[in-house]
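S.K.: got a structure for you, letters missing:
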């Protein structure tokens, strides 16, 4: 449904022009079709799958808006959830008004979130974007704490920790759509997410959007060619806040509840993790990060209570070893994709993966046993781990975990040379065959 | 009234000194390396947990010395084996590394001591009334907190001003290249300063742990306030951090004892806000309720009127 919307504003003078336009937007069209089909794919066609997809869509908009700040403009914010949460509150209050009889269809609720996000973005942005870098990061943190504390105090407006609720099914039903079933909500979310993604991509192609990168890379030079960095930062901050508010509105529509944690530091941290783990240097990275982290949150929290620890470890590993994030890791392979030696690279990955998995299994065993003993001491010494019954009071689980970890790490270290050799071969080939200019990183 | 003012002032000074102990380390690290250490409040938390653990094993007095040293060692390791490798990727990567580290420390604390607050009581050796004031006794451990923080600062001040090592560190703050050119190992100074800053936070954790609640979220609760102190005081200014710590410590302590709201003020001027207006909810908030907001409001006010902080230089 999103391609018909994005296609309509184009003048259809000749069919050739239309075809050309479609050709240029192949990736978007493909994404739109996938998004429409996804909730009917077996495995995702249940309520759980559709709800997971809806969460991913919301997270993707939120992470993309964060990418405008961190990735495009170099503004590290620790309080981006403020605009998400306030947008969510605007959405939930509008939904309550609709429940009380206001004749507005439910799918328009996210727009109220966007407007609120924009309004607060302008208010706080005027205050915070005067400084960049470390000071901006600190101030965004302070504003985040301010709004969070205010939301906890103003119980009547925010409902505090319990939150306030509304019913998305009660209101006008255009075309017989009640918006009760998750599938209908999913399509509403997909529509707004696709719109938001397209608009953000379009924004980055405007002069103001291009100047974001200039302000990120060299604010002084940007000022010399006549663009005030403070002003550019302010504009992009407002745009990012608006889309964060839209995501908040979608959140209100999806969950029918908004609580104080929606503006809290935890959510601000999560969106930072999403955008960074996905990779801040590409637009697509934020979506990848949002989808990955949402999936991890939902699936890992079923298996282990320590999932935040794994998320933290994962994040530190990305900061230390893959500053380009997941998308950076993927894009790294583009130059060697067509080479014959690419097969060797894949093979070396497969070989290196075995000891890596063993080491990870050992580490997970150690962490899980420790975590269980510390947080649930009353459940006794027996626990299930990797589909096995383990007695944590005996020495064997500990010894085998340490052996797995040490042995896996040792062998993995040996495998690194294998991977490096395969890479060298592949990049040599790519350079001689394709006349590659860029030196791929090993 | 005088009684409330005196006690609030005393408690405010104790809290302010505690804040300064944490924020001075953060400022020191920032001005030397330009690194904003998000895991700094985690060092505070580690100090509290370590002192509790060591205290149950061998008593409070050894813990008072060993716990900060341990935390300092951890800080040194973080700089040497973590931050130094991220350094080449720029400041954002450094901040993110310490941000992730704060996450990990909180989770590790949960893994070792559990999710619930631990019973970190005031040790019996210092739990007695120190003196009587207006018929109310003032606890000795608060006096000790004050004495330890003041003593620590006196020691550090003298060490910085009067020793050769202090001279080198002060020189490295402003002219790292020149200090390096003169043959001093600047990276080692970095490790040392990181260790000192962390140990200071750890010491604050030892004496603050039993005054506040020792729980896995205490770092997340204190961290933002310390950052506010640093921004309000002016990034990189130790004196500014001291003024801001005292200001926030005292204002926040006073606010807790003030049971008035905007409604009460308006009533003095014979303005009545009807209870069904939207403004009523905001106006009815008592100052005591709004106490957690105050540091952040102060931050906003400072940003509007003096963006570089109280004693900050223009180009921080």
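M.R.: Here it is on my side, so go on. Just so we're clear, the structure is a prediction, and the values are computed from it rather than from any experiment.
S.K.: pLDDT below threshold where in the stretch 1-150 of chain B?
M.R.: By pLDDT under 70, the stretch 1-150 of chain B has no low-scoring segment.
S.K.: what ranges do the helices span in it?
M.R.: Using DSSP state H, counting those that start in this stretch, the helices assigned to the stretch 1-150 of chain B run over residues B:2-33, B:40-58, B:60-78, B:84-86, B:91-113, B:140-162.
S.K.: For residue A:282, give me the backbone phi and psi.
M.R.: The phi/psi pair for residue A:282 (degrees, to the nearest 10) reads phi -130, psi 150.
S.K.: That one: what's its closest spatial neighbour, skipping adjacent residues?
M.R.: Counting by CB to CB, 6 or more residues apart in numbering or on different chains, residue A:282 lies nearest to residue A:327, which is 4.8 Å off, once chain neighbours are set aside. For glycine as for every other residue, the C-beta is placed from the backbone atoms N, C-alpha and C.
S.K.: Counting neighbours, what do you get for the one you found?
M.R.: For residue A:327, the neighbour count with other CB atoms under 10 Å in any protein chain shown is 22.
S.K.: For the host helix or strand of it, buried residues please.
M.R.: Using DSSP states H and E, residue A:327 maps to helix A:325-331. Residues A:325-328, A:331 are the ones in helix A:325-331 that count as buried (16 or more other CB atoms under 10 Å in any protein chain shown).
S.K.: from the residues you listed, which single one is nearest residue B:10?
M.R.: Distance to residue B:10, by CB to CB, is smallest for residue A:325 among the buried residues of helix A:325-331, at 50.4 Å.
S.K.: list the contacts for the closest residue to the closest one other than its chain neighbours?
M.R.: With sequence-adjacent residues excluded and distances taken as CB to CB, 6+ apart, residue A:325 is closest to residue A:279, at 2.7 Å. Going by CB atoms under 8 Å, 6 or more residues apart in numbering or on different chains, residue A:279 touches A:285-286, A:288-289, A:324-329.
S.K.: After the lowest-mean-pLDDT helix or strand in chain A, which helix or strand is next? Please name it.
M.R.: Least confident helix or strand of chain A, by mean pLDDT, DSSP states H and E, is helix A:2-7 with a mean of 42. Note on helix A:2-7: by DSSP H and E, the next helix or strand toward the C-terminus is helix A:15-24.
S.K.: which helices and strands sit right next to the helix or strand that that following helix is followed by?
M.R.: Next helix or strand after helix A:15-24 toward the C-terminus (DSSP H and E): helix A:26-37. Secondary-structure packing of helix A:26-37 (3 or more CB pairs under 8 Å, 6 or more residues apart in numbering or on different chains; DSSP states H and E): helix A:2-7, helix A:182-205.
S.K.: One more pass at 6 Å, please.
M.R.: Here helix A:26-37 touches helix A:2-7, going by 3 or more CB pairs under 6 Å, 6 or more residues apart in numbering or on different chains; DSSP states H and E.
S.K.: Measure how far stretch A:343-350 is from the centre of its chain, please.
M.R.: Relative to its parent chain, stretch A:343-350 has a centroid offset of 29 Å by CA atoms, centre = their mean, to the nearest Å.
S.K.: Okay, buried residues for the lengthiest helix in chain A please.
M.R.: For chain A, the helix reaching the highest residue count under DSSP state H is reported as helix A:396-434. Buried residues in helix A:396-434, defined by neighbour count with 16+ other CB under 10 Å: A:397, A:401, A:404-405, A:408-409, A:411-412, A:415, A:418-419, A:422-423, A:425-427, A:429-431.
S.K.: what's the closest non-adjacent residue to residue A:360?
M.R.: residue A:408 (7.3 Å).
S.K.: Now do the same contact list for the one you found.
M.R.: When contacts are counted by CB atoms under 6 Å, 6 or more residues apart in numbering or on different chains, residue A:408 touches A:355, A:358-359.
S.K.: Would you map the strands across the stretch 101-250 of chain B?
M.R.: B:129-133, B:136-139 (DSSP state E, counting those that start in this stretch).
S.K.: again, but for chain A
M.R.: A:164-165, A:257-258, A:382-385, A:388-391 (DSSP state E).
S.K.: weakest of the ones you listed in terms of mean pLDDT?
M.R.: Of all the strands of chain A, the minimum mean pLDDT falls on strand A:382-385 (a mean of 67).
S.K.: I'd guessed residue B:126 sits against residue B:144; true?
M.R.: Yes: under the contact definition of CB atoms under 6 Å, residue B:126 touches residue B:144, with a separation of 5.3 Å.
S.K.: Quick check: residues of the stretch 101-250 of chain A near chain B?
M.R.: A:127, A:130, A:134, A:138, A:141-142, A:145-146, A:149, A:153-154, A:156 (CB under 6 Å from any CB of the partner chain).
S.K.: between these, which is nearest chain B?
M.R.: If you rank those by distance to chain B using CB to the nearest CB, residue A:146 comes first, at 3.5 Å.
S.K.: wait, doesn't the closest one sit right on residue B:296?
M.R.: Yes: contact criterion CB under 6 Å: residue A:146 and residue B:296 qualify, at 3.5 Å.
S.K.: To what extent is residue B:81 buried, counted in neighbours?
M.R.: Residue B:81 has 9 neighbours, counted by other CB under 10 Å.
S.K.: what do you get for residue A:155?
M.R.: 15.
S.K.: Distance-wise, check it relative to residue A:212.
M.R.: Per CB to CB, to the nearest Å, residue A:155 is found 39 Å from residue A:212.
S.K.: re earlier: of the helices of the stretch 1-150 of chain B, which is nearest residue A:75?
M.R.: Closest to residue A:75 of these is helix B:91-113 (CB to CB; 9.7 Å).
S.K.: Provide the contact partners of that closest one at residue level.
M.R.: Contacts for helix B:91-113 (CB under 6 Å, 6+ apart): A:76, A:308-309, A:312, A:315-316, A:319, A:370-371, A:374, B:35-39, B:42, B:49, B:86, B:216.
S.K.: Which positions within it qualify as buried?
M.R.: Buried residues in helix B:91-113, defined by neighbour count with 16+ other CB under 10 Å: B:91-111, B:113.
S.K.: and if you look at stretch B:23-36?
M.R.: Buried-residue list, stretch B:23-36, by 16+ other CB under 10 Å: B:23-33, B:35-36.
S.K.: What about chain A: which of the residues you listed touch it?
M.R.: Okay, of these touching chain A (CB under 6 Å from any CB), that's residue B:36.
S.K.: so how far is residue A:280 from the residue nearest to residue A:282?
M.R.: Taken as CB to CB, the span from residue A:327 to residue A:280 is 9 Å.
S.K.: Got the domain ranges for chain A?
M.R.: Listed by automatic domain parsing, the domain ranges of chain A are A:41-323, A:334-434.
S.K.: Pick the most buried one from these.
M.R.: Neighbour counts averaged per stretch over those are highest for domain A:41-323, at a mean of 21; criterion: mean count of other CB atoms under 10 Å in any protein chain shown.
S.K.: Between the two ends of that domain, how far is it?
M.R.: End-to-end distance for domain A:41-323, by CA to CA, to the nearest Å: 34 Å.
S.K.: same deal with stretch B:131-146?
M.R.: Across stretch B:131-146, first to last residue, CA to CA, it's 14 Å.
S.K.: Could you do stretch B:109-126 as well?
M.R.: Start-to-end, stretch B:109-126 (CA to CA) is 26 Å.
S.K.: Show the model's pLDDT score for the closest residue to residue A:109 other than its chain neighbours.
M.R.: Distance criterion CB to CB, 6+ apart; nearest residue to residue A:109, sequence neighbours excluded, is residue A:91 at 4.8 Å. For residue A:91, the model assigns a pLDDT of 94.
S.K.: Can you list the low-confidence ranges for the stretch 151-300 of chain B?
M.R.: Using pLDDT under 70, the stretch 151-300 of chain B drops low at B:275-278.
S.K.: Closest approach to chain A from it, which residue is it?
M.R.: residue B:296 (3.5 Å).
S.K.: The helix or strand where that residue lies packs against which elements?
M.R.: Following DSSP H and E, one finds residue B:296 within helix B:294-305. If you count contacts as 3+ CB pairs under 6 Å, 6+ apart, helix B:294-305 packs onto helix A:133-153, helix B:218-233, helix B:238-256.
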